[in-house]
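*Asks:* pasted the sequence and its predicted model underneath.
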Amino acid sequence: LLPLLPTINLCPNDPPIRVCEAPETIDSCDDQCYLTEVIVEATMPGGFVCEAEDLYELCVNPGCRIETEITCTLADGSGTACEDFPGSTVDECGPTPVQYCYRIDNVGPTCGFINKIDRTRTPPGTTEDILGVLIPNPEDRLLCEGESITVCEIATVDTCVEQCYETNIEVDATMADGFVCEALDEYEFCVPPPPIEACNVEVDLECKMDPSQTIDGSTSCDVIIPIATRCDNRAAVMTWRFNGGDCEQSFNIQEADKFTCTDFAGGAPTEGSAWLTVTSVKDESDVYFDGEVRVGDLFSMFAGSTNKGKFDADSFFYVYSDSSKTNLLQLSSVHTSCSQNLFLKDKFGSVQLLIFENEFGLFTCFVQATYGFTLTNQGAADSGTIVEFTSTTNGVTDDCLSAIPDGGGTVQPGDTVIVDKQVLIDMTVRQEYNTVAYIRAETPGGFSCDDTSTLQFTAGNPNLPTFRK
């Protein structure tokens, strides 16, 4: 700015030199500050240089300033702030109304119109413009300098569930010159947990075996005695499952001259039913089974009085579409005298062996275990009615609610209900069983509580070692 000075010499006692720049333009609608700094240097006759400086800040305020504040109280007239929410008893908990109030102040120098009140509440996490609800008359939305307005709304919280509630408010106002200003506030409070005493149920789960079926004579399901899976003696009764399907699904190690299977017209059905006839290959008048069987069902064949009540060496399995036996779908020949490889769960076309019985007893893939559930009401305040009771084993869930004895569904404080459930353990496959028991109870006052119990054990015949040649 040196060229603007009328002279560059300034002596002691000289009047100050005043110099002005050309006018500059600023945006009066732009709410910001402008900072100017000036530095002057002067050189004395002896060569000494001195310096002076000054700062000037200009802040532009377009005249729009609003503030907002959220308050929350119980809607019972007590004036209790929501952050001081009292605990609820079992008889009191439930939907409870609270009142949110929003105060809006115009602290600026000009009037403005409120044009938006956005409220976000979590839960449920939704945003809503509530201006039209809280200030329905547009004339009431004008707020001049120094004025304030307070608007309120009622909301409901669930005092039976420990939960925090957060509310955010955003208010916009437009001034006469079109400038829009904004105010924000937030409010959070938490509902304390209800008394644990009100509803407290427990479930315990154990697996029990007949001691005669365990290796050490205990009742543990981890030490079940292995079963015989190979049929080594001629059987008098065999029980099969009709799986349906074609010959390709066969799974056994009988030689080709001992087992054959042929499909006709696509093979046995995979749904619905079919007519099965099982006879002796040696004498087809010797019929072991003849009847309709649905896919997935079991059927038993009996040797009868021929051949000393034992099955002949080979058996035919005819699968027809219906009882007329005019449409043959599958024919298989299976070695059934047990002198060749025949194991439980072997598949021969559409049928699968599950049980055989001979002079040494009955042999099946499964042993029966007992799941014992102990349901206890640990609460001290009220009775609990069991409304959900499930057992999930390896991802398969059973509804056990109907297994509770009549009248035992409502458990008084301190009482216990015992429920036994029979389960089948497939001993042909050694596997881990993971079971989760779940119960949920409700009190007369509508309070709910639940519990789970887990059980893990391993059962099944030991896996045979694999040898390499």
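*Replies:* Nice, thanks for sending it over.
*Asks:* what's stretch 124-142 in contact with?
*Replies:* Here stretch 124-142 makes contact (C-beta atoms under 8 Å, 6 or more residues apart in numbering) with 102, 111-120, 149, 151-153. All C-beta atoms are positioned from the backbone trio N, CA, C, and that covers glycine.
*Asks:* what residue ranges in this structure score low on pLDDT?
*Replies:* Where the chain drops to pLDDT under 70, the residues are 28-33, 59-63, 87-92, 194-198, 228, 305-307, 380-382, 407-408, 463-469.
*Asks:* just to revisit the earlier point, which pair in the contacts of stretch 124-142 spans the largest distance?
*Replies:* Cys111 and Thr120 (27.7 Å; C-beta to C-beta).
*Asks:* state the distance from Gly379 to Ile386.
*Replies:* With distances taken as C-beta to C-beta, to the nearest Å, Gly379 is found 13 Å from Ile386.
*Asks:* meant to ask about Glu162
*Replies:* Going from Glu162 to Ile386 by C-beta to C-beta gives 23 Å.
*Asks:* comparing those two, which residue is more hemmed in?
*Replies:* Ile386 (22 against 11; other C-beta atoms under 10 Å).
*Asks:* and the more buried one, bridged to which residues?
*Replies:* Ala441 (DSSP bridges).
*Asks:* and it, how far from Glu442?
*Replies:* Between Ile386 and Glu442 the distance is 9 Å, computed by C-beta to C-beta.
*Asks:* repeat that for Trp275.
*Replies:* 51 Å.
*Asks:* let me know how buried Ser78 is, in neighbour terms.
*Replies:* With other C-beta under 10 Å as criterion, Ser78 counts 9.
*Asks:* mind checking how far it is from Phe85?
*Replies:* When distance is defined by C-beta to C-beta, Ser78 is 11 Å away from Phe85.
*Asks:* mind listing the strands whichever helix or strand Glu53 is part of pairs with, and their directions?
*Replies:* Assigned by DSSP states H and E, Glu53 belongs to strand 49-59. Applying DSSP bridges, strand 49-59 is found paired with strand 33-43 (antiparallel).
*Asks:* any chance you could list what contacts the partner strand?
*Replies:* 1, 10, 26, 49-60.
*Asks:* for those, which two are the farthest from each other?
*Replies:* Greatest spatial distance in those: Val49 and Val60, 36.6 Å, computed using C-beta to C-beta.
*Asks:* between the two, which has more neighbouring residues?
*Replies:* Comparing Val49 with Val60 by other C-beta under 10 Å, the one with more neighbours is Val60, at 14 against 8.
*Asks:* thinking again about what came up before, pull out the buried positions in the helix or strand following the strand holding Glu53.
*Replies:* Using DSSP H and E, the next helix or strand after strand 49-59 towards the C-terminus is strand 66-74. Residues Ile66, Glu67, Thr68, Ile70, Cys72, Thr73, Leu74 are the ones in strand 66-74 that count as buried (16 or more other C-beta atoms under 10 Å).
*Asks:* thinking again about what came up before, ranking by neighbours, what's the top pick from the contacts of strand 33-43?
*Replies:* Highest neighbour count within those: Val60, with 14 neighbours (other C-beta under 10 Å).
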